[in-house]
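1. Take this sequence and fold it.
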Amino acid sequence: MSVEHSLLGKDTQYPSTYQPDILFPIARAQARSSYAHIEGIQQGKDWWHVFEISWLNAQGIPQVAIGRLTLPASSPNLIESKSLKLYFNSLNFTQFDSESAFVATVEKDLSAAAGATVTIQLFQVDALTIDQPEGICIDDLVPDRLENQPDASLLSLDRENTDNLEIQLYSHLLRSNCPVTGQPDWGTVFIRYQGKKPCYRSLLAYIISYRQHNGFHEQCVEQIYADIWQNLQPEKLMVYAAYTRRGGLDINPCRVSDLTWMPRPIRLARQ
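-> Residues are numbered from 1 along each chain as shown. Next comes the predicted model:
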């Protein structure tokens, strides 16, 4: 079923009873069709932070938490974000005998929607720490050329230094639009790279070129990964985007060519 049939961008009433069928899966295959052959495109995870989680305990007393969802990049489906928000709201007045019973229900429902095992880790509302970005920030560089849509031709190797290196770069300037509502999505993108040195200005120009692009978070990260892999031909690559929160959710997709490069999930200050 296409995203046009989802509740995204439509006026909806928040459910007050448990509704697992409100979850709306979106197949990954169509968006991946042009780069499905890229090594590592299905390796990695999508981490979601869910800030609006509540249910009733055995005594009927409200419980609250922050949740971290983990969806494997190999899952057939991603889950549309508004349906996920509505799903968690449908649990607000549902009674569970224990926290573990709540977790088991959520994992069962989300795994069914994604078509693969999804897990949730719960945190107390004041327990999720803020991380500092690691690597070299490239945001102060001046690109040679700017474009308004993703353009892989912007990417180039460093002509003055052809040595191999391992580096992690990051930029806070990632911006794209929701393909249904047109609302802007902001993120910090991390690129860990091993191979011939890339031109950092070209990477920044490429990241900036997403500013008017319409695409889901997961699709943008996979396109960035695929374009860097094909055009710069690194030996190893990791692309991880930490998107800011919208609707009580932030989405953090990560793709890696080598599973030993899987980072831990983080949360940045503006998330």
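2. where do the strands sit along the stretch 51-200 of the chain?
-> Per DSSP state E, counting those that start in this stretch, the stretch 51-200 of the chain carries strands over the ranges 62-72, 77-79, 119-123, 136-137, 164-177, 184-196.
3. Sheet-wise, list the partners of the third one with their directions.
-> Taking DSSP bridges as the criterion, strand 119-123 pairs within the sheet with strand 62-72 (antiparallel).
4. quick one on the thing from earlier: could the strands of the stretch 51-200 of the chain go into TSV alongside mean neighbour count, mean pLDDT and distance to Tyr210?
-> Every C-beta, even on glycine, is put in place using the N, C-alpha and C of the backbone. TSV is the format used below for the strands of the stretch 51-200 of the chain (neighbours: other CB atoms under 10 Å; pLDDT from 0 to 100; distance: least, CB to CB, whole Å):
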stretch	mean neighbour count	mean pLDDT	distance to Tyr210
strand 62-72	18	98	22
strand 77-79	22	96	18
strand 119-123	16	98	29
strand 136-137	13	98	17
strand 164-177	17	97	5
strand 184-196	20	97	9
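5. Distance of the residue nearest to Ala113 when sequence neighbours are not counted relative to Ile251?
-> Excluding the flanking residues, the one nearest Ala113 by CB to CB, 6 or more residues apart in numbering is Leu23, at 4.1 Å. With distances taken as CB to CB, to the nearest Å, Leu23 is found 15 Å from Ile251.
6. Give me the residue ranges of the chain where confidence is low.
-> 1-12 (pLDDT under 70).
7. Domain ranges for it, per the record?
-> 3-123, 136-261 (automatic domain parsing).
8. Highest mean neighbour count out of those?
-> Ranked by mean neighbour count, those are led by domain 136-261 with a mean of 18 (mean count of other CB atoms under 10 Å).
9. Just list the residues touching the closest residue to Ser16 other than its chain neighbours, thanks.
-> Spatially, and ignoring its direct neighbours in sequence, Ser16 is nearest to Phe93 (5.4 Å; CB to CB, 6+ apart). By CB atoms under 8 Å, 6 or more residues apart in numbering, Phe93 lies in contact with 16-17, 56.
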